[in-house]
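**Q** below is the structure, and that's it, no one-letter string:
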């Protein structure tokens with residue numbers, strides 16, 4: 001359990017009276033151990049009870065098993081029932097096997113039992129009080145203390161507190177938070193005002209002076225002793241379990257305060273732990289003193305001058321070396337769950353992590369990354385995936401400011417975005433003069449640069465940091481695993497420190513890009529550390545027909561997203577290539593088929609034939625793709641349209657001999673196909689013989705015949721429309 005949670009539990013314990021029934025008292029002990037407290041915390045609390053027995057407290061603590069069936073929730077429940085208020089942080093208690101009742105609201109104090117009411121009817125204290133005389137008070141400031149008047153009806157835990165010394169417990173803002181009642185010697189133990197929390201409360205003896213030490217003690221007697229010995233202010237924390245809370249609050253208000261913890265004997269290790277966390281000094285009593293022997297007892301035995309010397313020798317405990325392997329809370333994975341991963345864009349860019357987008361140069365990754373930056377800054381969707389709106393930093397290390405501004409202007413124009421509004425959420429920096437964020441020589445681990453320090457400062461408060469690109473930012477060997485991992489770790493430090501997503505753009509060479517498209521290989525080059533170090537990786541490639549494919553190749557924090565097919569229209573921005581459906585799809589297919597039939601007919605009339613084979617250099621996807629009327633479809637979709645046209649009788653395969661007299665196949669548009677596409681019917685063709693001799697003429701009304709291999713003249717006749725017919729342009733031939 002974390003130190004913060006333990007301190008929270010200690011604060012809660014201070015609000016519970018130890019004068020409980022045996023069973024309930026033991027349950028509190030179980031809850032204390034479940035909350036991570038040690039025996040010193042438990043024993044200190046027990047000492048405040050009217051029937052305290054050191055042996056009983058020790059034996060009970062030892063008998064409690066680590067998993068005694070009672071969880072920390074019991075402690076917090078009992079504390080809330082006694083008026084304890086949490087610090088407001090959203091925390092959950094550990095699960096408990098014991099049934100826990102729903103917390104009740106704090107009970108209002110009984111008439112006459114409110115802190116202000118009790119304090120108002122108390123009388124000013126004097127050094128003649130038996131407790132003051134026992135502690136040897138001589139000139140110590142007691143003006144802030146009072147005494148319960150004789151005959152007062154106030155009773156706590158079944159005991160009358162008339163005649164008891166009253167110490168006010170002030171909250172962090174100086175308000176009266178609770179009261180502590182101290183009996184004359186031999187009558188009993190100190191008691192706290194029921195229903196009034198002691199968590200974080202304190203009382204200061206003396207006036208604190210700047211640059212003077214400020215002693216932090218457990219009780220009022222110890223605070224008096226420190227003031228008498230040194231003349232410097234001392235703070236009473238009403239129990240050791242409250243010391244850390246009070247000391248931390250003082251340190252947060254005044255980090256320059258010279259705090260000195262003064263623990264009782266047996267609490268040195270706890271004091272050292274607190275001092276290490278806060279950064280203060282500790283004054284420990286000599287070794288061999290009995291348990292709970294305190295500085296007041298030491299001054300009574302040795303003299304205040306000896307105590308002053310001991311306090312002056314206070315020193316800060318040695319800070320333990322920071323752990324390289326940090327422990328992870330296992331027991332609280334359900335009761336104190338970690339938050340689920342958050343993403344800046346769809347499933348692709350997790351916060352506090354580094355992601356990579358790789359592609360061959362010229363594919364368009366810089367433009368798409370800039371589009372993403374605009375979308376995150378404005379809260380727009382990108383390619384069908386939502387973004388989490390936030391500030392964006394775009395570090396252009398490859399392209400200069402003019403290039404980036406030109407792209408950004410085009411994006412704003414296409415999307416109708418006002419640049420002045422966008423400027424409030426996007427910061428773009430030109431790092432082309434000093435692009436290296438990380439440098440390494442040979443096999444060294446490498447180090448960050450001044451540019452990295454500037455970028456880290458600029459990224460504070462950003463939701464997304466884009467670095468374009470790795471080849472400029474990384475001045476190391478891309479195949480050196482240690483250097484690559486060190487570079488990615490440096491970027492991850494920015495991501496974790498600012499709770500942002502870091503997107504690193506990366507080039508891949510032609511070999512890698514082609515291999516990825518050919519056999520499904522990995523879309524990155526260099527050491528495998530590039531892939532292993534990032535938590536999400538995307539790869540983008542361009543097909544022969546110009547369409548883009550964005551693949552999600554790695555995701556450590558969720559399932560892989562389906563590949564995205566993107567279309568980049570001329571004069572526009574990349575957009576999601578969504579296939580048409582229903583009536584729209586049917587209309588689009590008919591239009592695209594018509595366009596293909598017209599192109600095949602046009603090319604055939606020029607003597608350029610379209611091969612049916614999909615791998616032929618003269619197939620439709622290759623020979624017709626550059627024509628303005630060619631359908632904007634992928635090659636496989638074009639081949640599908642042609643196969644369906646063949647089944648419909650709109651085109652047919654025809655054999656012919658090329659210039660080298662090799663037998664080939666071509667697509668020919670049939671009469672039915674020409675009618676479907678709105679083309680003029682062809683003139684009747686004459687059959688040709690094997691050797692090319694003219695065959696008998698065919699009647700004008702006869703249907704078109706297949707050309708015979710080698711029929712050169714027939715080929716000519718087949719492409720001459722009959723007199724009086726019109727071609728596509730509306731011209732007539734006589």
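**A** Happy to help now that I have it. This is a predicted model, so every value here is computed, not measured.

**Q** the closest residue to residue 532 other than its chain neighbours sits in which helix or strand?
**A** Residue nearest to residue 532 in three dimensions, not counting chain neighbours: residue 485, with 7.8 Å by C-beta to C-beta, 6 or more residues apart in numbering. C-betas here are computed from N, CA, C, even on glycine. For residue 485, the enclosing helix or strand under DSSP states H and E is helix 481-498.

**Q** now do that helix: which elements does it pack against?
**A** strand 354-360, strand 438-439, helix 450-458, strand 464-468, strand 501-508, helix 529-533 (3 or more C-beta pairs under 8 Å, 6 or more residues apart in numbering; DSSP states H and E).

**Q** you'd agree the residue nearest to residue 532 is up against residue 529?
**A** Yes. At 4.9 Å, residue 485 counts as touching residue 529 under the criterion of C-beta atoms under 8 Å.

**Q** on that earlier part again, nearest to residue 542, of the helices and strands packed on helix 481-498?
**A** Residue 542 lies closest to strand 354-360 among the helices and strands packed on helix 481-498, at 7.6 Å (C-beta to C-beta).

**Q** describe which strands the closest one pairs with in its sheet and in which direction.
**A** Using DSSP bridges, strand 354-360 pairs in its sheet with strand 501-508 (parallel), strand 536-542 (parallel).

**Q** need the next SSE after that strand, C-terminal direction.
**A** Helices and strands here follow DSSP H and E; after strand 354-360, the next one along the chain is helix 365-378.

**Q** which elements pack onto that following helix?
**A** The contact analysis (3+ C-beta pairs under 8 Å, 6+ apart) places helix 365-378 against strand 343-345, strand 354-360, strand 392-396, helix 401-415, helix 419-422, strand 426-430, strand 464-468, strand 501-508.

**Q** which stretches of this protein have low pLDDT?
**A** 1-4, 48-52, 66-68, 83-112, 139-140, 319-321, 443, 509-526, 578-584, 683-734 (pLDDT under 70).

**Q** same thing but at 50, please
**A** Where the chain drops to pLDDT under 50, the residues are 87-107, 513, 515-521, 686-734.

**Q** longest single helix anywhere in it?
**A** helix 582-605 (DSSP state H).

**Q** can you name the element that comes right after that one?
**A** Scanning forward in sequence from helix 582-605 by DSSP H and E, the next helix or strand is helix 620-623.

**Q** which strands and helices sit next to that following helix?
**A** Using 3+ C-beta pairs under 8 Å, 6+ apart: helix 620-623 touches helix 582-605, helix 635-647.

**Q** now tabulate these in CSV and tack on mean neighbour count and distance to residue 61.
**A** What follows is the helices and strands packed on helix 620-623, written out as CSV (neighbours: other C-beta atoms under 10 Å; distance: least, C-beta to C-beta, whole Å):
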stretch, mean neighbour count, distance to residue 61
helix 582-605, 17, 75
helix 635-647, 16, 76
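
**Q** in TSV, list the ones you listed along with distance to residue 296.
**A** TSV is the format used below for these (distance: least, C-beta to C-beta, whole Å):
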stretch	distance to residue 296
helix 582-605	90
helix 635-647	91
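
**Q** what's the span of stretch 427-445 from first residue to last?
**A** 31 Å (C-alpha to C-alpha, to the nearest Å).

**Q** what's the answer for stretch 298-313, then?
**A** 15 Å.

**Q** now that stretch: how far from the chain's centre is it?
**A** In terms of C-alpha atoms, centre = their mean, to the nearest Å, the centre of stretch 298-313 is found 53 Å from the chain centre.

**Q** got it, and stretch 56-69?
**A** The answer for stretch 56-69 is 40 Å, by C-alpha atoms, centre = their mean.

**Q** do the same with stretch 396-414
**A** Chain-centre distance of stretch 396-414: 29 Å, with C-alpha atoms, centre = their mean.

**Q** tell me the buried residues in the helix holding residue 485?
**A** 482-488, 490-492, 494-495, 498 (16 or more other C-beta atoms under 10 Å).

**Q** for the residues you listed, which one is nearest residue 340?
**A** Closest to residue 340, out of all of these and judged by C-beta to C-beta, is residue 495, at 16.7 Å.

**Q** number of nearby residues for the closest residue to residue 432 other than its chain neighbours?
**A** For residue 432, ignoring the flanking residues on the chain, the nearest one in space by C-beta to C-beta, 6+ apart is residue 400 at 5.2 Å. The local packing of residue 400 (other C-beta atoms under 10 Å) involves 12 other residues.

**Q** right, and residue 400 touches residue 431 too?
**A** No. Using C-beta under 8 Å, residue 400 is not in contact with residue 431, being 9.8 Å away.

**Q** next, the contact list for residue 138, please.
**A** By C-beta atoms under 8 Å, 6 or more residues apart in numbering, the contact list for residue 138 reads 127, 228.

**Q** buried ones in the strand or helix carrying residue 133, by neighbour count?
**A** If you go by DSSP H and E, residue 133 is part of helix 130-134. For helix 130-134, the neighbour count (16+ other C-beta under 10 Å) marks 130-132 as buried.

**Q** equivalent analysis for stretch 337-354, please.
**A** Under 16+ other C-beta under 10 Å, the buried positions of stretch 337-354 are 343-354.

**Q** nearest to residue 645, out of these: which one, please.
**A** Using C-beta to C-beta, the buried residues of stretch 337-354 come closest to residue 645 at residue 346, 38.5 Å.

**Q** pretty sure that closest one contacts residue 560?
**A** No. Using C-beta under 8 Å, residue 346 is not in contact with residue 560, being 11.6 Å away.

**Q** and for residue 560, nearest residue in space, chain neighbours not counted?
**A** Nearest to residue 560 is residue 552, by C-beta to C-beta, 6+ apart, at 4.8 Å.

**Q** and that neighbour, helix, strand or coil?
**A** Secondary structure for residue 552, judged by DSSP: H, G, I helix; E, B strand; the rest coil, is strand.

**Q** which residues touch it?
**A** 347-348, 536-538, 560-563.

**Q** distance of residue 263 relative to residue 490?
**A** Applying C-beta to C-beta, to the nearest Å, the value for residue 263 to residue 490 is 42 Å.

**Q** so what's the residue nearest to residue 382 when sequence neighbours are not counted up against?
**A** Leaving aside its sequence neighbours, residue 382 sits nearest to residue 375 (C-beta to C-beta, 6+ apart; 4.3 Å). Each residue near residue 375 by C-beta under 8 Å, 6+ apart is listed here: 345, 381-382, 387.

**Q** which members of these are the farthest-apart pair?
**A** 345 and 381 (9.3 Å).

**Q** intersection of neighbour lists for these two?
**A** When C-beta under 8 Å, 6+ apart defines a contact, the residues bordering residue 345 and residue 381 alike are 375, 387.

**Q** ok so, going back, return the closest of the buried residues of helix 130-134 with respect to residue 183.
**A** Of these, the one sitting nearest to residue 183 (C-beta to C-beta) turns out to be residue 131, at 7.4 Å.

**Q** so that closest one touches residue 183, yeah?
**A** Yes. Look at residue 131 against residue 183 with C-beta under 8 Å: they come within range, at 7.4 Å.

**Q** tell me, what's touching those two both at once?
**A** Shared between the contact lists of residue 131 and residue 183 (criterion: C-beta under 8 Å, 6+ apart) are residues residue 165.

**Q** reformat the buried residues of helix 130-134 as a markdown table; add distance to residue 369.
**A** Listed next are these as a markdown table, based on distance: C-beta to C-beta, whole Å:
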| residue | distance to residue 369 |
| --- | --- |
| 130 | 79 |
| 131 | 73 |
| 132 | 74 |
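
**Q** quickly note the distance from residue 13 to residue 287.
**A** 29 Å.

**Q** over to residue 218?
**A** According to C-beta to C-beta, residue 218 stands 19 Å off from residue 287.

**Q** please say which of these two ends up with more neighbours.
**A** Per other C-beta under 10 Å, whichever of residue 218 and residue 287 has more neighbours is residue 218, with 24 against 7.
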